[in-house]
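1. Can you look at this prediction? I've put the sequence above it.
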2 protein chains.
Amino acid sequence: MSAQEQQIEGEPESKTRLRLWLRLLKFSRGIESELRENLRKEFSSTLPRFDVMAALNRNRDGMKMSAISNALMVSNGNVTGIVDRLVSEGFVIRETVPGDRRAMRVRLTAPGQAEFDQQAAAHEAWIDGLLKSFSAENAKEMIKCLEDAGLNETGQGPT
Amino acid sequence: MSAQEQQIEGEPESKTRLRLWLRLLKFSRGIESELRENLRKEFSSTLPRFDVMAALNRNRDGMKMSAISNALMVSNGNVTGIVDRLVSEGFVIRETVPGDRRAMRVRLTAPGQAEFDQQAAAHEAWIDGLLKSFSAENAKEMIKCLEDAGLNETGQGPT
């Protein structure tokens, strides 16, 4: 038994949960850093750009700028700057909302959709490689714990 | 069976791992945001400040500034600015390394150590509450998966 294992024997639950949190944090930082590097090398892109396109991909009818900001999982980056750049590259268009000339929506163009589909397939393959130590069964168990934790965290009961 | 569960039946492993990653990311963002809020409200402090003190707590003999930057888990913040502030508050001192007058080390003072001990105890209790959906057994299993994943990620074999 290693010194670390001896130390862990009989540790209070709060210490185990603290170790889990520190490990989770280190792990997710590591994965994010791999994703940034891969997006840069293979698509000359960034994580905030990928996140904006992913949000637009989930909302094919378009989104208001404020909705995009709310939807970003990874980074808050400069949404306006990112969208401006995507527009200038032809991946995204801005259009008025019918019946409300002051409201603007942003959506993926056909070339933007094709570009995102490529990036999303690569992203899924990267994650599959980086998380290969998780069997499907392990992964599902962990998703369940994380979902339960999420409910506790916000104080919402199960629906 | 819900529509989501039907969709998940028979999904490829890569999709399960992708769901796990998105869930992990959302979870760790949520926890970080709670920690930031708690540190601000209860200690008028920040996550980068807490991280710097935690690194110094693990290295009681002091650390060079470059070592502090490397050790930060959560944020890269402005280490120089954070240390300057901690020095002005009396929580940290800068001292020369014996035998090398050009090298400076930073370490916690006694009041800094006492302040950190308080914050660390609160931090552990917050994490214990936020992760209460994880039993000690679940947590240990998950730590194991994350450690294995970490090894794959860096390409290092077990030591």
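-> The structure has been received and is ready for your questions.

2. For the longest helix along chain A, which residues meet the burial criterion?
-> Counting by DSSP state H, the longest helix found in chain A is helix A:13-43. Residues of helix A:13-43 classed as buried under the neighbour-count rule (16 or more other Cβ atoms under 10 Å in any protein chain shown) are A:14-21, A:23-24, A:27-28, A:30-32, A:34-36, A:38-39. Using the backbone N, CA and C atoms, a C-beta is placed for each residue, glycine as well.

3. what's the neighbour count on residue A:120?
-> Residues within reach of residue A:120, counting by other Cβ atoms under 10 Å in any protein chain shown, total 15.

4. The one helix or strand it maps to - contacts with which helices or strands?
-> Assigned by DSSP states H and E, residue A:120 belongs to helix A:110-130. Identification of packing neighbours for helix A:110-130 by 3 or more Cβ pairs under 8 Å, 6 or more residues apart in numbering or on different chains; DSSP states H and E yields helix A:13-43, helix A:47-58, helix B:13-43, helix B:136-154.

5. List the buried residues for it?
-> Applying 16+ other Cβ under 10 Å to helix A:110-130 flags A:112-113, A:115-116, A:119, A:122-124, A:126-128, A:130 as buried.

6. Report the inter-axis angle for it versus helix B:136-154.
-> 110 degrees (axes from the mean of the first three to the mean of the last three Cα atoms, to 10 degrees).

7. chain center to helix A:110-130, what's the gap?
-> 13 Å (Cα atoms, centre = their mean, to the nearest Å).

8. Could I have the CA atoms of that helix written out in CSV?
-> Provided in CSV are the C-alpha atoms of helix A:110-130 (Å, rounded to 0.1, in the frame of the first residue of the first chain):
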residue,chain,number,x,y,z
ALA,A,110,-24.9,26.9,-45.6
PRO,A,111,-21.1,27.2,-45.7
GLY,A,112,-21.1,28.0,-42.0
GLN,A,113,-23.2,24.9,-41.3
ALA,A,114,-20.8,22.7,-43.5
GLU,A,115,-17.8,24.2,-41.7
PHE,A,116,-19.3,23.5,-38.3
ASP,A,117,-20.3,19.9,-39.2
GLN,A,118,-16.6,19.2,-40.0
GLN,A,119,-15.4,20.8,-36.7
ALA,A,120,-18.1,19.1,-34.7
ALA,A,121,-17.1,15.6,-36.1
ALA,A,122,-13.5,16.3,-35.3
HIS,A,123,-14.4,17.6,-31.8
GLU,A,124,-16.4,14.4,-31.1
ALA,A,125,-13.5,12.3,-32.2
TRP,A,126,-11.0,14.2,-30.0
ILE,A,127,-13.2,13.9,-27.0
ASP,A,128,-13.7,10.2,-27.7
GLY,A,129,-9.9,9.8,-27.6
LEU,A,130,-9.3,12.0,-24.5
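
9. before we move on, the earlier item: quick check, nearest of the buried residues of helix A:110-130 to chain B?
-> residue A:128 (4.0 Å; Cβ to the nearest Cβ).

10. Residue B:119 versus the closest one, what's the distance?
-> Relative to residue B:119, residue A:128 is positioned 39 Å away (criterion: Cβ to Cβ, to the nearest Å).

11. which phi and psi does residue A:100 have?
-> phi -140, psi 90 (degrees, to the nearest 10).

12. Could you measure from it over to chain B?
-> 31 Å (Cβ to the nearest Cβ, to the nearest Å).

13. Please pull out the lowest mean pLDDT helix or strand from chain A.
-> Least confident helix or strand, chain A: helix A:3-8 with a mean of 53, by mean pLDDT, DSSP states H and E.

14. Fine, thanks again, bye for now.
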